[in-house]
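Asker: kindly return the folded structure for what I paste below:
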Amino acid sequence: MPRLRRITMVLPPVESYVLISSLFNDEASMEEFSLLLPPGDLSSPEEWNAPLVIGIGQVAAYPLSDFVYDISSLDDIVSEYIADELRGVQPFDCAEDYGALPLGFVNAGFERSANDVFRIPRMLYAEYPDRTVLGMLILGEYESMPSCQEVIDRLVLPMTHSSGNASLAGIMADGSQDGSDAGPSTGPQDGSQDGSQDGSDAGSQDRPQDGSFTKYIVKDAGRSGSSSVHSDTANTIELHGRAALKEMISNAIDTIKSSELEKVVISWRETLTLSKPPTFLDTLFSMKANEPDCWLMASTAGDYAGAASQSMLNDIDTSNSELLSNRRSGSSVHIIGATPELILSRSGDIVTSSPLAGTLSSQMMPKDFEYAERSRNQLVGNSEYLNKLLLESPKNRLEHSITVDEIVSVMDRYCQSVAHSSQPGIIRLASIIHLETAITGELRADLNGPNTTLKLLNDLHPTPAVAGVPREIAMKKIAELEGEPRNRYAGITGWLAGNGDGFNVLNIRTAIIGDGKVRIQAGAGIVESSDVDDEVLEIEAKLRSIIRLLPI
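Answerer: Residues are numbered from 1 along each chain as shown. Presented below is the predicted three-dimensional model:
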């Protein structure tokens with residue numbers, strides 16, 4: 001296997017908003033990319049529990065089906081290169097920490113296929129909670145070693161087109177970083193990309209102020225005293241083929257009653273045609289502003305591994321020949337999501353999964369819940385009562401326990417101990433609440449190598465939260481009822497370091513955007529006690545929650 005070489009440099013502090021805006025400013029020329037941003041305020045990385053990681057371009061891609069079993073360890077892939085002539089880039093000089101640096105991205109679909117890859121970007125950027133920003137340039141085995149100035153040009157130039165960052169501009173000007181500009185960034189000097197409405201505060205703050213994101217903030221009407229500019233669009237969405245969805249769910253319940261199937265997740269797609277489609281950056285920042293406590297994931301929805309299959313293109317309307325023609329000619333198609341679900345994280349020998357299963361919103365009036373004398377309006381502002389209803393729902397507790405039990409059984413095969421709370425907790429999003437259980441395991445000494453993370457991911461995915469139990473039977477039922485592949489929906493986006501550390505999330509609450517169309521998709525977990533009408537309400541509520549995140 002060819003070895004890759006990585007050159008790492010420390011960049012001056014730069015705001016997350018500026019970093020993202022600079023790298024993705026020119027949508028027409030965007031390369032293959034992946035992005036994963038942890039929960040928390042975009043302007044307060046010190047509150048994050050993980051770094052922001054962005055990969056641009058591609059230097060190598062390994063099919064996961066081969067990579068999991070045939071490559072002994074992730075850290076065999078890349079060697080660090082710090083020669084004397086490159087010391088001017090101020091390399092990250094803690095050698096013992098190199099293994100913990102992001103190395104590449106996991107991009108996998110729901111159906112495990114040849115398109116599932118571990119992708120090594122050409123350039124990697126990582127911003128850490130302590131505001132350290134690293135840039136990494138990765139070279140192929142036969143690529144010539146660049147000069148110090150070439151490294152700076154290739155890593156910093158994409159960030160200077162629109163950032164206006166004085167520190168970055170200084171690096172480009174003299175090819176060195178002497179620390180004089182290493183203090184907190186003052187932000188864009190011309191006001192063009194500071195995120196504010198009129199640019200009047202450009203260059204005057206250490207970070208974007210609250211007003212920077214005003215145009216993206218859309219609060220759900222279920223929050224006390226709030227209103228939503230998206231409410232009309234979101235609340236009037238109607239499922240196309242509602243009768244077909246009800247028939248699918250009824251079929252699934254009948255199968256559960258008459259077979260070994262315990263749970264299956266049925267999903268529904270909607271494709272919206274927009275006269276003025278949202279831009280990538282507008283969608284990204286709108287999702288983050290409205291669901292700050294979710295992971296923000298994004299990537300190109302293309303064919304990562306160069307595999308013959310074109311199944312990624314099925315994420316958009318493949319019956320539209322013009323759309324397909326535009327995609328093949330380079331038109332951008334992106335998947336963007338504000339996902340609440342962490343499928344697997346790893347730090348050293350500690351692994352964690354936080355499955356969600358069981359859902360309620362004030363817009364749902366399922367038969368499973370006893371509402372007594374309360375009206376819908378009373379439910380809207382009563383979060384404690386909604387929490388109680390969800391926690392005491394037999395159907396949702398069963399759905400959740402099936403999911404947790406299955407994930408624990410997988411983690412048990414790799415861990416010397418696995419722990420989780422005896423009762424689920426509540427995770428509250430803008431318009432929906434879920435049951436959540438954090439499951440933590442300590443890897444066995446003989447299974448704590450770098451590649452264990454991919455093996456564990458392989459065995460976990462797709463989890464019962466998006467597929468069902470038993471998994472193989474559930475996936476066959478999903479294929480039968482849904483009729484077309486889910487592809488990136490309910491798949492994985494995540495990053496891994498050379499030592500196996502990293503974070504991986506489920507692609508749910510996502511939008512596939514391309515050529516004026518937005519495809520959204522949502523599902524509901526079906527068990528024997530499910531009610532068909534209730535499950536339709538749940539899927540509708542989840543679809544509306546996605547629409548509320550879009551800047552349309």
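
Asker: burial check on residue 519, number of neighbours?
Answerer: Using other CB atoms under 10 Å, the number of residues around residue 519 comes to 22. For glycine as for every other residue, the C-beta is placed from the backbone atoms N, C-alpha and C.

Asker: what bridges to it?
Answerer: In this entry, residue 519 is beta-bridged to residue 271, residue 512, by DSSP bridges.

Asker: and the pLDDT for it?
Answerer: With respect to pLDDT, residue 519 scores 91.

Asker: and the helices in the stretch 301-450 of the chain?
Answerer: For the stretch 301-450 of the chain, the helices defined by DSSP state H, counting those that start in this stretch cover 321-328, 376-380, 383-391, 394-412.

Asker: any buried residues in the last one, and which?
Answerer: Of the residues in helix 394-412, those with enough neighbours to count as buried (16 or more other CB atoms under 10 Å) are 395-404, 406-408, 410-411.

Asker: residues touching the residue nearest to residue 252 when sequence neighbours are not counted, list them.
Answerer: Spatial nearest neighbour of residue 252, excluding adjacent residues (CB to CB, 6 or more residues apart in numbering): residue 526 at 4.5 Å. Going by CB atoms under 8 Å, 6 or more residues apart in numbering, residue 526 touches 249, 252-253, 256, 263-266, 468, 535.

Asker: now those residues in CSV, with distance to residue 449, secondary structure and neighbour count?
Answerer: Shown next, in CSV, are these (distance: CB to CB, whole Å; DSSP: H, G, I helix; E, B strand; the rest coil; neighbours: other CB atoms under 10 Å):
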residue, distance to residue 449, secondary structure, neighbour count
249, 43, helix, 24
252, 39, helix, 29
253, 43, helix, 21
256, 39, helix, 22
263, 33, strand, 25
264, 34, strand, 30
265, 32, strand, 26
266, 38, strand, 24
468, 31, strand, 31
535, 42, helix, 27
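
Asker: okay, the residues you listed in a markdown table with distance to residue 457 next?
Answerer: Formatted as a markdown table, these follow (distance: CB to CB, whole Å):
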| residue | distance to residue 457 |
| --- | --- |
| 249 | 29 |
| 252 | 27 |
| 253 | 30 |
| 256 | 27 |
| 263 | 21 |
| 264 | 22 |
| 265 | 19 |
| 266 | 24 |
| 468 | 18 |
| 535 | 28 |
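
Asker: using pLDDT, spot the least trustworthy of those residues.
Answerer: Minimum pLDDT across those falls on residue 535, with 94.

Asker: pretty sure that one contacts residue 249?
Answerer: Yes. Here residue 535 reaches residue 249: they are 5.0 Å apart, a contact under CB atoms under 8 Å.

Asker: shared neighbours, these two?
Answerer: Joint contacts of residue 535 and residue 249 (CB under 8 Å, 6+ apart) are 266, 524, 526.

Asker: ok, so of those, who is nearest residue 45?
Answerer: residue 524 (34.8 Å; CB to CB).

Asker: just give me the neighbour total for that closest one.
Answerer: Counted with other CB under 10 Å, residue 524 comes out at 24.

Asker: repeat for residue 113
Answerer: By other CB under 10 Å, the burial measure for residue 113, its neighbour count, is 19.

Asker: which helix or which strand is home to it?
Answerer: Residue 113 belongs to no helix or strand when elements are defined using DSSP states H and E.

Asker: tell me the pLDDT at it?
Answerer: 82.

Asker: same thing with residue 408?
Answerer: Confidence score, pLDDT, at residue 408: 98.

Asker: without its sequence neighbours, what residue ends up closest to it?
Answerer: residue 418 is the one closest to residue 408 (CB to CB, 6+ apart), at 5.6 Å.

Asker: how far away is that neighbour from residue 441?
Answerer: 4 Å (CB to CB, to the nearest Å).

Asker: who has more neighbours out of the two?
Answerer: Applying other CB under 10 Å to residue 418 and residue 441 shows that residue 441 carries more neighbours, namely 25 against 19.
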